[in-house]
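Visitor: Return a 3D structure for these sequence lines:
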Amino acid sequence: MRLGLHTGYWKAGPPAGAAEAVAWADAHGIDSVWTAEAYGSDAFTPLAWWGATTSRVRLGTGIAQLSARTPTATAMAALTLDHLSGGRFVLGLGASGPQVVEGWYGQPYARPLARTREFVAIVRDVLRREAPVTAPGPAYPLPLPADAPGATGQGKALRSTVHPLRADLPIHLAAQGPRNTALAAEIADGWLPAFLSPALDAEARALLEEGFAARSATLRPAAEFEVCASVPLAVAGSIAEAVDLVRPHVALYAGGMGSASANFHRDAMARLGYAEALAEVSAHYTAGDRERAAAAVPEELVREIALVGTPADIAEQVARWERTCVTTLVVQTDPRALPALAPLLAAS
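Guide: Residues are numbered from 1 along each chain as shown. Have a look, this model is predicted:
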């Protein structure tokens, strides 16, 4: 199991120590660094900026939102970064949720699985560069039909002027529900789960096998499929102290990253048996009481989805993750802590 670093969402500005952590990761054999986007900073620019001083570490979007860019624009950014990094870019994609897609991008959220399938197919066509890119739609028709609202009828199928460095540039999908987890195994090169737990490993493996059964022979073999799981990490003098450090993170995702009726992060954690507690967390968060929301996060839930406690505690917990389908443990922590944490995780 390899080790990665997730630099996380930006708050008011760039995360302190992120540039130094990326450079350290590159120099010390960390597998990958990942960036995020919601409705502030984007996922591509930090990789280009921080990654410019690196030569070995893989650079992944974790995740780039489908609705933020057209499939062809996403492919352009991906092939550009892949050239600039010497073939180290990983395109992580995700559908996000209706609050962001409809509220921030002004796009309809309906049929996210079908849209994901169309989106990935177009990106792969751009990267293969075998012919001018066409797509039937309905979400992303190329060229735009002449009878579409506002169309001039002069659209032309085009092929990228730039030859991609890798026609098989890896595409990973963020997925939390059962159907899109299986979809990742069917059409992508990797899965980016969040709020996974070793307790759900058998279920995760079954869903991946379902997707592998429908996988095209033109893609990488299933044996090369990656599972890069984002896992919060907090070191403290005890497990209880470390749990308290992670509780606000869980409360944010359970209560603030989605609506009352559609929160995929909360749904993922609820599969561990904490639906009632998470409903309380969400209610407090929605009411504006973030302190009570964090306090309502069960300690047992945090211990299932995070690495928490003393160095000895974390070493024991990492050993449990090594027995799962996860191929890269992507830790979510203060980037400034990476030099101290990496030896601990490797030693375990």
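Visitor: For residue 58, grab the count of nearby residues.
Guide: If you count neighbours by other CB atoms under 10 Å, residue 58 ends up with 24. Placement of C-beta: from N, CA and C, glycine included.
Visitor: Hmm, it is touching residue 29, no?
Guide: No: look at residue 58 against residue 29 with CB atoms under 8 Å: they stay out of range, at 11.6 Å.
Visitor: Return the helix or strand in the protein with minimum mean pLDDT.
Guide: helix 338-347 (a mean of 79; mean pLDDT, DSSP states H and E).
Visitor: Which secondary structure elements does that one sit against?
Guide: Counting contacts by 3 or more CB pairs under 8 Å, 6 or more residues apart in numbering; DSSP states H and E, helix 338-347 packs against strand 2-6, helix 18-27, strand 226-235, helix 311-321, strand 328-332.
Visitor: how distant is the third one from the center of its chain?
Guide: Okay, so that is strand 226-235. On the basis of CA atoms, centre = their mean, to the nearest Å, strand 226-235 is displaced by 11 Å from the centre of the chain it belongs to.
Visitor: how much does it deviate in direction from strand 2-6?
Guide: Interaxial angle of strand 226-235 relative to strand 2-6 (axes from the mean of the first three to the mean of the last three CA atoms, to 10 degrees): 70 degrees.
Visitor: Beyond strand 226-235, next helix or strand please.
Guide: Per DSSP states H and E, the first helix or strand lying C-terminal to strand 226-235 is helix 239-251.
Visitor: Could I get the average pLDDT for that following helix?
Guide: Averaging pLDDT along helix 239-251 gives 97.
Visitor: and it with helix 311-321, angle?
Guide: Using the same axes, to 10 degrees: helix 239-251 against helix 311-321 is 50 degrees.
Visitor: Helix 239-251 - contacts with which helices or strands?
Guide: Helix 239-251 packs on strand 226-235, helix 275-286, helix 290-295, helix 299-305, strand 307-309, going by 3+ CB pairs under 8 Å, 6+ apart.
Visitor: Can I get those in a markdown table including mean neighbour count and distance to residue 163?
Guide: Shown next, in a markdown table, are the helices and strands packed on helix 239-251 (neighbours: other CB atoms under 10 Å; distance: least, CB to CB, whole Å):
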| stretch | mean neighbour count | distance to residue 163 |
| --- | --- | --- |
| strand 226-235 | 23 | 25 |
| helix 275-286 | 18 | 48 |
| helix 290-295 | 17 | 49 |
| helix 299-305 | 19 | 42 |
| strand 307-309 | 25 | 42 |
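Visitor: Which one, of these, ends up nearest to residue 106?
Guide: helix 275-286 (23.4 Å; CB to CB).
Visitor: Need the CA coordinates for the closest one. PDB is fine.
Guide: The C-alpha coordinates for helix 275-286 follow below in PDB (Å, rounded to 0.1, in the frame of the first residue of the first chain):
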ATOM      1  CA  ALA A 275     -27.500   7.200  10.300                       C
ATOM      2  CA  GLU A 276     -29.300   8.500  13.400                       C
ATOM      3  CA  ALA A 277     -26.200  10.200  14.800                       C
ATOM      4  CA  LEU A 278     -25.400  11.800  11.500                       C
ATOM      5  CA  ALA A 279     -28.900  13.200  11.200                       C
ATOM      6  CA  GLU A 280     -28.300  14.900  14.600                       C
ATOM      7  CA  VAL A 281     -25.000  16.200  13.300                       C
ATOM      8  CA  SER A 282     -26.600  17.600  10.200                       C
ATOM      9  CA  ALA A 283     -29.400  19.200  12.100                       C
ATOM     10  CA  HIS A 284     -27.000  21.100  14.400                       C
ATOM     11  CA  TYR A 285     -24.800  22.100  11.500                       C
ATOM     12  CA  THR A 286     -27.800  23.400   9.500                       C
END
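Visitor: How far off centre is that helix?
Guide: 24 Å.
Visitor: Now do it against helix 239-251: the angle between them, please.
Guide: Taking the same axes, to 10 degrees, one finds helix 275-286 and helix 239-251 inclined to each other by 70 degrees.
Visitor: which residue ranges form the strands in the stretch 101-250 of the chain?
Guide: Using DSSP state E, counting those that start in this stretch, the strands of the stretch 101-250 of the chain run over 171-174, 190-192, 226-235.
Visitor: for those strands, which one sits closest to residue 288?
Guide: The closest of the strands of the stretch 101-250 of the chain to residue 288 is strand 226-235. By CB to CB, the value is 23.4 Å.
Visitor: For that closest one, enumerate the helices and strands it packs against.
Guide: strand 32-35, strand 190-192, helix 239-251, strand 307-309, helix 311-321, strand 328-332, helix 338-347.
Visitor: Tabulate these (CSV), appending distance to residue 49.
Guide: Below are the helices and strands packed on strand 226-235 laid out as CSV (distance: least, CB to CB, whole Å):
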stretch, distance to residue 49
strand 32-35, 10
strand 190-192, 22
helix 239-251, 25
strand 307-309, 28
helix 311-321, 30
strand 328-332, 20
helix 338-347, 18
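Visitor: And the ones you listed: which comes nearest residue 162?
Guide: So among the helices and strands packed on strand 226-235, strand 32-35 is nearest, using CB to CB, at 22.4 Å.
Visitor: That'll do, ta.
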